[in-house]
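any chance you can model this:
(2 chains)
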Number of protein chains: 2
Amino acid sequence: MGFINKILFSKSRSHEDGIFFSDLKKILGFDPINTDYYKKAFTHRSSNKLDEKGNPINYERLEFLGDAMLGSVIAAHLFSKAPGGDEGYLTKMRSKIVSREHLNELGRDLNLAKFIESKIPLAHFGENIHGNVFEALIGAIYLDRGYLFCEKFIHTRVIIPYVDIAKLEGKVISYKSLLIEWCQKEKKHFHYDVFEDNALDGQRLYGVKLSINGKVIAKARATSKKKAEEKASQRAYFAFQEKINRK
Amino acid sequence: MGFINKILFSKSRSHEDGIFFSDLKKILGFDPINTDYYKKAFTHRSSNKLDEKGNPINYERLEFLGDAMLGSVIAAHLFSKAPGGDEGYLTKMRSKIVSREHLNELGRDLNLAKFIESKIPLAHFGENIHGNVFEALIGAIYLDRGYLFCEKFIHTRVIIPYVDIAKLEGKVISYKSLLIEWCQKEKKHFHYDVFEDNALDGQRLYGVKLSINGKVIAKARATSKKKAEEKASQRAYFAFQEKINRK
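Residues are numbered from 1 along each chain as shown, chains lettered A, B, ... in the order given. I've put the predicted structure just below:
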């Protein structure tokens, strides 16, 4: 509604909103209904915005909500995927998944920082801003589309690409070494190339692609070359696992 | 399915299951589909039960799941009911609602202890058993009927009867004193009567009814007369508030 109103009443705002809407849709994987929730999820308290009742408009309350939704979706996932794990195990695994460091990585990977509205330059924020707005985004999804959309988003953006129980348990130390081992056994040539080396708001980002027998198999971005290589290896490893299973 | 199988294959079990099903239905407010989840929610580890894969059957994992669901439903409720509260306020209010003491009270009020299957006599358990099985029950509801049923159950059994933001904030000290004040102002006669005084598994329970102008207005059970009077007063206060608003 807010979005439609703005299209009707403001030409310049409608263009901006249109870009926000389409960028957001790519991240969400579905159409947002009320973009106001998402705008709030990217508004830093330094903006000093207030609603008509005098309550501050910023992402902090949404962070609380998103954190709770993330906690319950991850709990349900672990419950079903680790049928032999006791209460202590499940609690420990969840803490690893929703760790501050991991949430920051998730927010950074989706490049959520570009949406942030703030009076303080982004470079002045610490790492936690990425995780904070990621949690706030989940809170906004809950308000806009309800629990089931929230659950689906967490599956697509958190669980499928990042939650690997074997790795969390420390059973897999490095996907890069698993992949190299596999390539050697299968007599395949592989190499890692840096295809991107950016600095965004003082934060350096490396993009690495992994090719096997001359074909690009996986790409990944991270804050160090080593991390990007590991992430690309993990993606390739899972892609190959599927191929192996299909044979 | 488990329930239907048992009806078909075992006459004596079917009678037991029938009682469990109907008692459970009263507490849930809806038909359970798979009663096996609920049986697990009331099975203590001392039963030493294992499933076909050798995983223990008891309520501990369900407790983890129920705790997460309770956390997210309460978070969403507080978010909408306290639009002026910041993240710190919301976190603090949620902690009060899901405090161990409060969960024990909820489990005790529903008399969940009577369902517990254990090799240890109930009298040997501490107070926490009530809250633990209450959380496990929520986990079972999630598995059996999904998030929305879980949310509805928490609204009916936790939020409506117990979550009063004013009281949690310490703004209302005692509903009994508010009610007495109101009766005196409105020139109404009131009295509290104990209608029940039971000991269940070493736990004493008092039932108190509150009458105003000779008519029973509210009943409540608790572990002390004082607590039961306070609870009955709260119920009466809210019932009257509605009447006052309707005028």
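
next secondary structure after the helix or strand bottoming out on mean pLDDT in chain A?
Least confident helix or strand, chain A: helix A:2-9 with a mean of 42, by mean pLDDT, DSSP states H and E. Using DSSP states H and E, the helix or strand that directly follows helix A:2-9 along the chain is helix A:11-28.

residues making contact with that next one?
A:3, A:6-7, A:31-32, A:35, A:38-39, A:110, A:112, A:115, A:137, A:141, A:153, A:157 (Cβ atoms under 8 Å, 6 or more residues apart in numbering or on different chains). Bear in mind the C-beta positions are built from the backbone N, C-alpha and C, glycine included.

just the buried ones from these?
Buried by 16 or more other Cβ atoms under 10 Å in any protein chain shown: A:3, A:6, A:32, A:35, A:38-39, A:110, A:112, A:115, A:137, A:141, A:153, A:157, out of the contacts of helix A:11-28.

show me which residues of chain A sit near chain B.
Proximity of chain A to chain B is confined to A:53, A:55-56, A:60-61, A:63-65, A:67-69, A:71-72, A:74-76, A:79, A:83-87, A:90-91, A:139, A:142, A:147-148, A:151 under the rule Cβ under 8 Å from any Cβ of the partner chain.

domain parsing for chain A?
A:2-168, A:175-246 (automatic domain parsing).

between those, which gets nearest to B:E169?
B:E169 lies closest to domain A:2-168 among those, at 16.8 Å (Cβ to Cβ).

what comes into contact with the helix or strand hosting A:K40?
Counting by DSSP H and E, the element that carries A:K40 is helix A:35-41. Identification of contacts with helix A:35-41 by Cβ under 8 Å, 6+ apart yields A:2-3, A:17, A:20-21, A:24, A:32, A:57-59, A:62, A:117, A:133, A:136-137, A:139-140, A:143-144.

shaky segments in chain A?
Applying pLDDT under 70 to chain A picks out residues A:1-13, A:171-173, A:200-203, A:241-247.

tell me which element the one residue sitting closest to the centre of chain A falls in.
With distances taken as Cα atoms, centre = their mean, A:L106 lies nearest the centre of chain A, 3.2 Å away. If you go by DSSP H and E, A:L106 is part of helix A:100-109.

got the buried residues for that helix?
A:H102, A:L103, A:N104, A:E105, A:L106, A:G107, A:R108, A:D109.

any idea how far A:L70 is from the spatially closest residue to the second one that is not a sequence neighbour?
Translated: A:L103. Spatially, and ignoring its direct neighbours in sequence, A:L103 is nearest to A:G131 (3.2 Å; Cβ to Cβ, 6 or more residues apart in numbering or on different chains). Relative to A:L70, A:G131 is positioned 10 Å away (Cβ to Cβ, to the nearest Å).

these two - which one has more neighbours?
A:L70 (26 against 23; other Cβ atoms under 10 Å in any protein chain shown).

for the more buried one, what are its contacts?
A:L70 sits in contact with A:V98, A:E135, A:I138, A:I154, A:V158, where contact means Cβ under 8 Å, 6+ apart.

ok, 6 Å please
A:L70 makes contacts with A:V98, A:I138, as judged by Cβ atoms under 6 Å, 6 or more residues apart in numbering or on different chains.

okay, buried residues for the helix or strand containing A:E229 please.
Using DSSP H and E, A:E229 sits within helix A:225-246. If you call a residue buried by 16+ other Cβ under 10 Å, then helix A:225-246 has these buried ones: A:A228, A:E229, A:E230, A:K231, A:A232, A:S233, A:Q234, A:R235, A:A236, A:Y237, A:F240.

counting contacts, what elements does the helix holding A:L106 pack onto?
helix A:128-145 (3 or more Cβ pairs under 6 Å, 6 or more residues apart in numbering or on different chains; DSSP states H and E).

tilt between the helix it packs on and helix A:100-109?
70 degrees (axes from the mean of the first three to the mean of the last three Cα atoms, to 10 degrees).

heading C-terminal from helix A:128-145, find the next helix or strand.
Helix A:128-145 is succeeded, C-terminally, by helix A:147-154 (DSSP H and E).

which outside residues touch that following helix?
A:M69, A:V73, A:I141, A:Y142, B:Y147.

quick one: it to chain centroid distance?
Relative to its parent chain, helix A:147-154 has a centroid offset of 13 Å by Cα atoms, centre = their mean, to the nearest Å.

output that helix as CSV - backbone C-alpha positions only.
Written as CSV, here are the backbone C-alpha positions of helix A:147-154 (Å, rounded to 0.1, in the frame of the first residue of the first chain):
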residue,chain,number,x,y,z
TYR,A,147,6.0,-17.1,9.1
LEU,A,148,6.0,-19.4,6.1
PHE,A,149,7.7,-16.9,3.8
CYS,A,150,10.1,-16.2,6.6
GLU,A,151,10.9,-19.9,6.8
LYS,A,152,11.3,-20.2,3.1
PHE,A,153,13.7,-17.3,2.9
ILE,A,154,15.8,-18.7,5.8
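
tell me the buried residues in the following helix or strand past that helix?
Sequence-wise, the next helix or strand downstream of helix A:147-154 (DSSP H and E) is helix A:160-162. Buried residues in helix A:160-162, counted by 16+ other Cβ under 10 Å: A:P161, A:Y162.

stretch A:128-137 too?
Buried-residue list, stretch A:128-137, by 16+ other Cβ under 10 Å: A:I129, A:H130, A:G131, A:N132, A:V133, A:F134, A:E135, A:A136, A:L137.

please apply the same query to stretch A:164-184.
A:D164, A:I165, A:K167, A:L168, A:Y175, A:K176, A:L178, A:L179, A:W182, A:C183.

is the third one part of a helix or strand, or is it coil?
Assigned state for A:K167: helix (three-state reduction, DSSP: H, G, I helix; E, B strand; the rest coil).

mind checking how far the most far-flung residue of chain A relative to its centre is from A:L168?
The C-alpha centroid of chain A is most remote from A:K187, which lies 34.6 Å away (Cα atoms, centre = their mean). With distances taken as Cβ to Cβ, A:K187 is found 32 Å from A:L168.
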